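Novice: could you work out the structure for the sequence below:
(one chain, ligands or ions: 1)
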Amino acid sequence: MDWQNLPSSGGGVDDRRGSGGVPGGGLAVGGIGGLVIALIAMFFGINPSSITGGSTAPSHTQSGNQTGSQAGDTTYQFIDKVLGSNNQVWGNIFQQSGKQFQKPVLVLYSGGTQSGCGTANSAVGPFYCPSDGKIYLDTSFFNLMKSRLGGGGEFAYQYVVAHEYGHHIQNLLGISDQVERKQQSARSEAEANTYSVRLELQADCFAGVWGNHVKDQENITQTDVQTAINTAKAIGDDTLQSQSQGSVTPEKFTHGSSAQRTNWFMKGYQSGNPNSCDTFGIAYNQL
Ligand SMILES: [Zn+2]
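Specialist: Purely as a prediction, here's the structure:
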């Protein structure tokens, strides 16, 4: 595949790598607790205990947006182009439906950094923070994918970014807010989890929609698609649960099973149409 063909984000990546991480390493404390954590679009199935809710987003005065200085930095260029491509694809989709579009910032960091949703570190994996509208990505996650989560691969890494971008789309469309309200009125954790699963599978589908729109542009092969499927399988809740606890507890699913994640990604990839991603409009056991 030829990701170099994709457009640059034009400064959308806030490169905080090498900035020394979080001073003191302390946690941002907020009062929203589990609800915000549930909404933090965790890509990886780890309980985000190191992220605590916080509605007061720390402001960042320093920014690493000097696009010129990243020449020769393949990771930066790769991320910049995935972001730029998502901006382009989703900008067009929003324009066609007459909706207001806003680009997200992607924060590239190493070790730890502050987010509008609390302290981010590499243990939590990539996530989207709805309150500051930014995607947080520690590139060491790509190494983890390579060694433990399905083997990695360029299109698999793009799928991760596109999934987080999908959460940004949900935020713009007001879906994240609706889910938060439903979770607040849920009678049990199991019920609240079903909304999380629907949200996450829709983000997988949105990632597929993006893939559909770039498959010719970057010459995606069936082998490339398989790398994304391998990742989707590796991060399915059933797979992660059976690895960590030796059994599967469906009512604790927050992201969906391996089969569901694969199916919804492929649904978006084949259709290229976000309307095919209505994970909220069908019965839960039909997902
Ligand atoms: Zn997610």
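
Novice: determine the number of other residues adjacent to Tyr109.
Specialist: Residues near Tyr109, counting by other CB atoms under 10 Å, number 25. Where you see a C-beta, it was placed from the backbone N, CA and C, and this is true even at glycine.

Novice: surely it and Val13 touch.
Specialist: No: with contact defined as CB atoms under 8 Å, Tyr109 does not reach Val13; the gap is 10.7 Å.

Novice: and whichever helix or strand Leu240 is part of, how far out from the chain middle?
Specialist: Assigned by DSSP states H and E, Leu240 belongs to helix 237-245. Per CA atoms, centre = their mean, to the nearest Å, the displacement of helix 237-245 from the mean C-alpha position of its chain is 20 Å.

Novice: is the ion within reach of that helix?
Specialist: No: judged by CB under 5 Å from the ion, helix 237-245 stays clear of the ion, getting no closer than 11.8 Å.

Novice: same deal with stretch 184-197?
Specialist: No: applying CB under 5 Å from the ion, one finds stretch 184-197 separated from the ion by no less than 8.8 Å.

Novice: ok, Tyr128 - contacts?
Specialist: 40-41, 104, 134-136, 164-165, 167-168, 171 (CB atoms under 8 Å, 6 or more residues apart in numbering).

Novice: what's the closest of these to Glu189?
Specialist: Ile40 (16.2 Å; CB to CB).

Novice: I figured Gln158 hits Leu6, correct?
Specialist: No: using CB under 8 Å, Gln158 is not in contact with Leu6, being 9.0 Å away.

Novice: you'd agree Gln95 is up against Gln88?
Specialist: No: assessed by CB under 8 Å, Gln95 is found out of contact with Gln88, at 10.6 Å.

Novice: who has more neighbours out of those two?
Specialist: Gln88 (18 against 11).

Novice: so which strand or helix has His168?
Specialist: Short version, using DSSP H and E: His168 is in helix 154-172.

Novice: dump that helix to CSV, keeping only the CA atoms.
Specialist: Only the C-alpha atoms of helix 154-172 are listed here, as CSV (Å, rounded to 0.1, in the frame of the first residue of the first chain):
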residue,chain,number,x,y,z
GLU,A,154,0.4,-0.2,8.0
PHE,A,155,-3.3,-0.6,7.3
ALA,A,156,-3.8,-2.0,10.7
TYR,A,157,-2.2,1.1,12.2
GLN,A,158,-4.4,3.3,10.0
TYR,A,159,-7.4,1.4,11.2
VAL,A,160,-6.5,2.3,14.8
VAL,A,161,-6.3,6.0,13.9
ALA,A,162,-9.5,5.9,11.8
HIS,A,163,-11.3,4.2,14.7
GLU,A,164,-10.4,7.1,17.0
TYR,A,165,-11.4,9.5,14.2
GLY,A,166,-14.7,7.7,14.1
HIS,A,167,-15.3,8.7,17.7
HIS,A,168,-14.6,12.3,16.7
ILE,A,169,-17.3,11.9,14.0
GLN,A,170,-19.7,10.6,16.7
ASN,A,171,-18.9,13.6,18.8
LEU,A,172,-19.7,16.0,15.9
